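J.: only geometry, no sequence info:
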């Protein structure tokens, strides 16, 4: 996997947001800009043969696999960008603990967009996700706000390039 291009020590970066928020586009570009590994919950779900299976057991398996992949990369001294809804505090907590144990900074970015933009995005088929506007509405109703420090980015107001510039500025102090 990739080595850290701009940081002397690894970073653990969570990219959270509702379906259609733009989190995957942002996470991919941020990982590229940092030379970090990128793991996406939808791709992991596909790798595990669980696409279309969204019960609690399947979700738990996917999030556990994301944790395992993240740990492996941190052990190799690589920065990691994890991209998932992280709609529940219990899904985020393992990463807080992992970062503390590994002695690496953890940063969370929450990507949002106006509901009208999300409706338009989720009305079209997307390559690795089945999440439509109804899924967005269900997850939005269950989304638990972040209690830990995080940065909000609005993909409806900022271009992907602007979001990356903002994120890199936030991350400069961690170098």
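T.: Looks like it arrived, so ask away. Since the model is a prediction, treat every value here as computed from it, not as a measurement. Residues are numbered from 1 along each chain as shown.
J.: after the lengthiest strand in the chain, next one along is what?
T.: Counting by DSSP state E, the longest strand found in the chain is strand 106-112. On the C-terminal side of strand 106-112, the closest following helix or strand by DSSP states H and E is helix 115-122.
J.: If we go by neighbour counts, what in the helix or strand just after that next one is buried?
T.: Along the chain past helix 115-122, the next helix or strand (assigned with DSSP H and E) turns out to be helix 133-142. Across helix 133-142, burial judged by 16 or more other Cβ atoms under 10 Å covers 133, 135, 136, 139. Just so you know, the C-beta spots here come from the backbone N, C-alpha and C atoms, and that holds for glycine as well.
J.: so residue 164 makes contact with residue 34?
T.: No. Using Cβ atoms under 8 Å, residue 164 is not in contact with residue 34, being 9.6 Å away.
J.: Counting neighbours, go ahead and name the busier of the two.
T.: residue 34 (25 against 18; other Cβ atoms under 10 Å).
J.: ok, which stretches of this structure are strands?
T.: 12-16, 37-40, 80-83, 106-112, 151-154.
J.: quick one: contacts of the first one?
T.: Think strand 12-16. The contact list for strand 12-16 (Cβ atoms under 8 Å, 6 or more residues apart in numbering) reads 23-24, 26-27, 30, 34, 36, 70, 74, 79-87, 92, 95, 98-99, 102, 104-111, 146, 150, 171.
J.: Please, a ChimeraX command that selects the buried ones among these?
T.: Selecting only the buried entries of the contacts of strand 12-16 in ChimeraX, with 16+ other Cβ under 10 Å as the criterion:
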select :23,24,26,27,30,34,36,70,74,79,80,81,82,83,84,85,86,87,92,95,98,99,102,104,105,106,107,108,109,110,111,146,150,171
